[in-house]
Each structure stands twice: as C-alpha cells, then as structure tokens.
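what shape does this take:
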Amino acid sequence: MRIKEMGEAERPREKMLSRGPGALSDTELLAILLRGGTPKESALGIARTLLGLTDGRLSALFNMGAEKMMQVPGVGECKAATLLAAMELGRRYLQEESTVVKKPVVTSRMVYDLMIPLMKGLDHEECWIVLLNDRNYMTAKLKVTSGGGRSTTIDVRQILRMALDRGAAGVLLVHNHPTGNPAPSKADIKQTDQIRKGLDAVGITLVDHVIIADDSYFSFCDDTATPVR
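Just a heads-up that it's a prediction; the model follows:
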C-alpha cells in the first residue's frame, strides 16, 4: 500500500506529529527519513528492505556504508546521505551524553556504559584508552587503533605517549570483539601484560582492560565475562 493510500492518522509523518516519535516503529522512522519511495515501492517498503539487510538490528544499520545502502532499489545518493547524517547525529548524541562523567570511573560496568556508544555493532576491532586523573575522573577518551578486520595491533609506545602527554594517573584500556565473544585471546593477555609493565615503568596505573562484545564484556580486573542486562 502506498503511504498516500493510508489513513491520515497512520501515515508515518502525521502519526509522529500527533502521537510523538516513540509511537513509530523503526520502519516508520526510516520511511520519514527517506521522504518518498519510487513508482514501484513505497518509502515504507524501502525501509523494510534496508532493515532486512541487518536482520532488524539498528546497530548494524548505524555501521552500514553508503555503497551498501544504495544497493537497495530506491536509495540513491541523496537518501543514503540523509540516513548517514541521521545515524551520525545519533552516535554523536550518545557520545556527548557519555563524555560528561561527573563521578569516578570505578567499575567495569561503568567502562562498558561509557564506551558502548562508540563500539556497538562495529564489524572491525578498535582499541581506545580512557585516561583518568588521580581521583579516577575521566580526563580524555582517545582512539588508539582501528583494525581492518577481526584484530588490531596495539602499540604500547603510542599508549605511553598519549598518557604522558595528558598527564594521566591511570589508564583504562578498551577494545571490542566483533565476533560477539568477549573472552580474551592469548594475544590480548600478552598485550595487556606488556602495556601494564610499560605504564608501571613511568608511574601510571593500568586500571583495567575491558573487552566489549555488544551485549557482554570481559574485565581483566574482575577476571570474568559479564552479560549486560
């Protein structure tokens, strides 16, 4: 059914204005961003196809590139650019909220909550460091490396330089596992030990190393994997 053929109260745009965006499904919200369909497919149909490519997972849609979006009939450069802009605004909103840390970062769950907006749904590994002052308040959140596939090499000297340049008292090391399994590999364990020794040598503490896998995480400090509820 074409959107124009729907009852006015059920059209996505009118429905949002009368009942609020929370009343709309993911498909309806995407249809509003798409603005219009094609002679063969409505905006709602195109939105369903896009979500079908990600099994309905918004985190995967957030990380979908323009080229893949434009493989869907009816999605050209303009529509892809609009979707990417909306996704990036959402990501920046989450980052803005999470960077205002007004209390010490003292648990692995706090580290997870701080970093999941940056790492959820990634199809490659990234390594970040969270720098802390001597009271465990966050002073900076910095990307160290971004791998092209399922792994990334962590440069110990780069981490030392970044921590020293900003006068950090403590460092939280964070990276993700796109496989969905947060358990550390032998390489993870070895690199953690190398980074801890390097930081110790310059008087900086490696407070924890947290591995994020979307809905679970592993903390070297807790020495356990924890599902997120």
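
name the residues of stretch 161-171 that are buried.
Going by neighbour count (16 or more other C-beta atoms under 10 Å), the buried part of stretch 161-171 is M162, A163, A168, A169, G170, V171. (C-beta placed from N, C-alpha, C; glycine too.)

got the CA positions of the longest helix anywhere in the chain in PDB?
The single longest helix within the chain, with elements called by DSSP state H, is helix 77-99. Output of helix 77-99 as PDB, limited to C-alpha atoms (Å, rounded to 0.1, in the frame of the first residue of the first chain):
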ATOM      1  CA  GLU A  77      23.000   9.300  -3.100                       C
ATOM      2  CA  CYS A  78      20.600  11.800  -1.500                       C
ATOM      3  CA  LYS A  79      18.600   9.300   0.600                       C
ATOM      4  CA  ALA A  80      21.800   7.500   1.600                       C
ATOM      5  CA  ALA A  81      23.400  10.800   2.700                       C
ATOM      6  CA  THR A  82      20.300  11.700   4.700                       C
ATOM      7  CA  LEU A  83      20.300   8.300   6.500                       C
ATOM      8  CA  LEU A  84      24.100   8.500   7.200                       C
ATOM      9  CA  ALA A  85      23.700  12.100   8.600                       C
ATOM     10  CA  ALA A  86      20.800  10.900  10.900                       C
ATOM     11  CA  MET A  87      22.900   8.000  12.200                       C
ATOM     12  CA  GLU A  88      25.900  10.100  12.800                       C
ATOM     13  CA  LEU A  89      23.800  12.600  14.800                       C
ATOM     14  CA  GLY A  90      22.500   9.800  16.900                       C
ATOM     15  CA  ARG A  91      26.000   8.500  17.500                       C
ATOM     16  CA  ARG A  92      27.300  12.000  18.500                       C
ATOM     17  CA  TYR A  93      24.400  12.400  20.900                       C
ATOM     18  CA  LEU A  94      25.300   9.200  22.700                       C
ATOM     19  CA  GLN A  95      29.000  10.200  22.800                       C
ATOM     20  CA  GLU A  96      28.100  13.700  24.100                       C
ATOM     21  CA  GLU A  97      26.000  12.200  26.900                       C
ATOM     22  CA  SER A  98      28.600   9.600  27.900                       C
ATOM     23  CA  THR A  99      31.600  12.000  27.900                       C
END
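
give the other helices and strands that that helix contacts.
Here helix 77-99 touches helix 26-34, helix 58-62, helix 66-69, helix 108-119, going by 3 or more C-beta pairs under 8 Å, 6 or more residues apart in numbering; DSSP states H and E.

switch the cut-off to 10 Å
helix 26-34, helix 43-53, helix 58-62, helix 66-69, helix 108-119, strand 138-146 (3 or more C-beta pairs under 10 Å, 6 or more residues apart in numbering; DSSP states H and E).

contacts only, for Q191.
Taking C-beta atoms under 10 Å, 6 or more residues apart in numbering, we find Q191 in contact with C127, T153, I154, D155, V156, I159, L173, H175, P184, S185, H209.

confidence score at the fifth one?
Turning to V156, the model gives it a pLDDT of 91.
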